[in-house]
Each structure stands twice: as C-alpha cells, then as structure tokens.
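Asker: Sequence below, structure please.
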Amino acid sequence: MLTVFLWIALIFLFLLFLLAILPIRFNASAKYAGSECFNYEFVVSYFHPLFLKLRYSSENGDALKLLWKTFKLDQKKESEELRNESSEAIRDTDKKTIEPRQFSESERSSEESEEKSNYDSESVRSQNSESVKIYDETHEESEFQEEQASIFSKIKRSVEKIKKSKAYQFLSDAVLRKKVKSWLGRCLKSTMRVIVFSRLKIWAKAGLKDPAALGKLCGYFSAARSALSLRKRKVDMTLEPLFMKEVLEFEIELKGGTSLFRAISCSLIALVTFPYIRTYKVWRQIKKKRQ
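Answerer: From the prediction side, this is the model:
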C-alpha cells in the first residue's frame, strides 16, 4: 500500500514539474497609420498554440482556443455597439420632437423689465464688491500665512512619526541597510530574468516641423537600437525621418516567453536570501533599548 502511495505521489510531482517547465509564449503586434487606422493583436499560448491559446485582436476579434474548441469573447463589444445605436436613435427622435418656441408680446415686456431690474441690482453689487475686495485681500494674506505655518508643523510631525517608526529604526543600522540593498538588487535581477524577449521588430515613419527635434529623436532611436543589439537580442529597428512634415506611422512586433518555474524561482530567491538573522538581531537591540 505504501509503495502504491509513493508511486502516485511521484507521478503527481512529475506532472507538476512538467506543468511548471512548459513554456508560456506571447506575441504582441500593433500598427498605427493615423488616428483612423490603429490595429492591435496580443496572443498568449501555453505549451503550444494548438493546446491553449488566448487572443485579443481588433481585426479578428477576441477568442479562447482550448484543444479543438474555440470560444469567442466578443459579446461585450456587440452589446456596446447595440447600446450606441439605440442611444443615437433616441437622440434623433428627441431632436425631431423639439420645436422652437414663439414668445408673446406680454412675455417680451416682462423680460425687458426683468433685464432692467437685473442691471440695477448688478450696479449695486459692483459698488459693494469694490468695498469688499480690500477686506478680502487682507484676509487672504493672513490665511496664507496661517496655511504656511500649518504646513511646516505638519511636515515636522510627519518627520517625527517616521523617526519613531519601526522601519526607520531597522534601516538606521548600517549592516542591515547594506544587506537589504543587496537583497533588493538580487530580487530585481531575478525578476528581469522571468520574461525572455526573443524578437523585437519596429518600423516607424516620423516627421516633425522642427528639424532639431527630429534629429534628437533619431539619435535616441539609434542609441536604443545599439543598446538592445549589444545584449544579443534579435532586434530589427528602422526609423524613416521626414523633415518639415508632421507624420507618425509605426509597426511593432514583439515575441517572448516565460514559464511558471521562472516565476516560482524568483519568489523562492526573494524568500530564501532575505537577511533574517540580522533583522532579528536589530529587533533584539531595539527591544532592549525600549526596556
């Protein structure tokens, strides 16, 4: 019985290991040729596109493919289009039903009298506002001084709270601070290795009326291309400059991959390499000082 249980556990662990090692590939592409023409596509596949594939596309629609079955995910777009059509139809009917109103002579005379009374009230208000402006200016100056004093007091209180906090007391130790910096750098390197980019293709056509700004843009583009090529990546980047014209067109294609094993290894590195012993020692020192 024990041997059967061990064989089942080994098979289960082997299957988990396979699921963690199997690659997760993604492919993203975008095309822009003016505000009216913008197309995008994002595809994610697990192990193989025939096994599991998820697609987000502006041209072909969104779909999920699992083995031999495909599930469309365009129901939200269709409902939004129907809502927009219904709202446009309601607006058209409202415009047709609204008719211009004709005013009578009595209404016109009442409106003229109301305008005269409003003009008299506005003149009185302008006289009162001039007398109130002087008081408002002096009052605003005093309020500004009070606000400055309150801001400085708030900053002092916040600084005092930070100094009294446990995180500040822990990071005040130089040895722990160095170890935490090295730990953060190690975590950053491991996270950068989670996703591996295999191909990058960029074609762009840019035009500006200022030739100096366009020259700077070309310089930044060439610097980015050289930096990516030095890291031994498949990079194909071209920029076609157009002077004295405002034009922007581009095509981007990006391919990469990752796996569950890479993500798990990144989290394991962060958990295992944390300086637990030094943090415990600093905590004991802080506890002794408080006693």
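
Asker: pLDDT score for residue 252?
Answerer: Residue 252 is assigned 93 on the pLDDT scale.

Asker: Could you give the bridge partners of it?
Answerer: Per DSSP bridges, the residues bridged to residue 252 are residue 30, residue 202.

Asker: Now do it against residue 24, distance only.
Answerer: 21 Å (Cβ to Cβ, to the nearest Å). For glycine as for every other residue, the C-beta is placed from the backbone atoms N, C-alpha and C.

Asker: For the chain, which helix or strand comes out least confident on mean pLDDT?
Answerer: helix 75-97 (a mean of 54; mean pLDDT, DSSP states H and E).

Asker: Residues touching stretch 14-34, excluding its own?
Answerer: Residues outside stretch 14-34 that contact it (Cβ atoms under 8 Å, 6 or more residues apart in numbering) are 37-47, 248-261, 264.

Asker: Surely residue 66 and residue 50 touch.
Answerer: No. In this structure, residue 66 is not within contact of residue 50 by Cβ atoms under 8 Å, at 10.0 Å.

Asker: For the chain, which residues score under the pLDDT cut-off?
Answerer: Residue ranges of the chain with pLDDT under 70: 74-142, 144-145, 231-233.

Asker: Mind jotting down where the strands sit in it?
Answerer: 23-33, 38-46, 52-57, 63-66, 69-72, 196-208, 234-243, 247-259 (DSSP state E).

Asker: And the fifth one, what does it pack against?
Answerer: Using 3 or more Cβ pairs under 8 Å, 6 or more residues apart in numbering; DSSP states H and E, the elements in contact with strand 69-72 are strand 63-66.

Asker: how about the strand it packs on: buried residues?
Answerer: 63, 65 (16 or more other Cβ atoms under 10 Å).

Asker: Kindly report the same for stretch 151-169.
Answerer: Under the neighbour-count criterion of 16+ other Cβ under 10 Å, stretch 151-169 has residue 169 buried.

Asker: Kindly report the same for stretch 282-291.
Answerer: Across stretch 282-291, burial judged by 16+ other Cβ under 10 Å covers residue 282.

Asker: chain center to it: distance?
Answerer: 41 Å (Cα atoms, centre = their mean, to the nearest Å).

Asker: one step back: okay, the strands of the chain in CSV with distance to residue 286 next?
Answerer: Converted to CSV, these look like this (distance: least, Cβ to Cβ, whole Å):
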stretch, distance to residue 286
strand 23-33, 44
strand 38-46, 47
strand 52-57, 50
strand 63-66, 53
strand 69-72, 56
strand 196-208, 43
strand 234-243, 51
strand 247-259, 41
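
Asker: Let me know which of the ones you listed is the nearest to residue 148.
Answerer: strand 196-208 (43.6 Å; Cβ to Cβ).

Asker: how far does the closest one sit from the chain's center?
Answerer: Averaged C-alpha coordinates place strand 196-208 at 21 Å from its chain's average position (Cα atoms, centre = their mean).

Asker: which helices and strands sit right next to it?
Answerer: helix 211-230, strand 234-243, strand 247-259.

Asker: Can you show me the CA trace of it as PDB?
Answerer: Extracted in PDB, the C-alpha atoms of strand 196-208 (Å, rounded to 0.1, in the frame of the first residue of the first chain):
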ATOM      1  CA  VAL A 196      12.700  36.400 -22.000                       C
ATOM      2  CA  PHE A 197      12.300  38.500 -25.200                       C
ATOM      3  CA  SER A 198      13.200  36.600 -28.300                       C
ATOM      4  CA  ARG A 199      12.300  39.100 -31.100                       C
ATOM      5  CA  LEU A 200      11.700  42.800 -31.400                       C
ATOM      6  CA  LYS A 201      10.700  44.500 -34.700                       C
ATOM      7  CA  ILE A 202       9.900  48.200 -35.000                       C
ATOM      8  CA  TRP A 203       9.300  50.100 -38.200                       C
ATOM      9  CA  ALA A 204       8.500  53.800 -37.800                       C
ATOM     10  CA  LYS A 205       8.000  56.800 -40.000                       C
ATOM     11  CA  ALA A 206       8.200  60.100 -38.100                       C
ATOM     12  CA  GLY A 207       8.100  63.700 -39.200                       C
ATOM     13  CA  LEU A 208       8.400  67.000 -37.400                       C
END
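
Asker: Alright, I will stop here.
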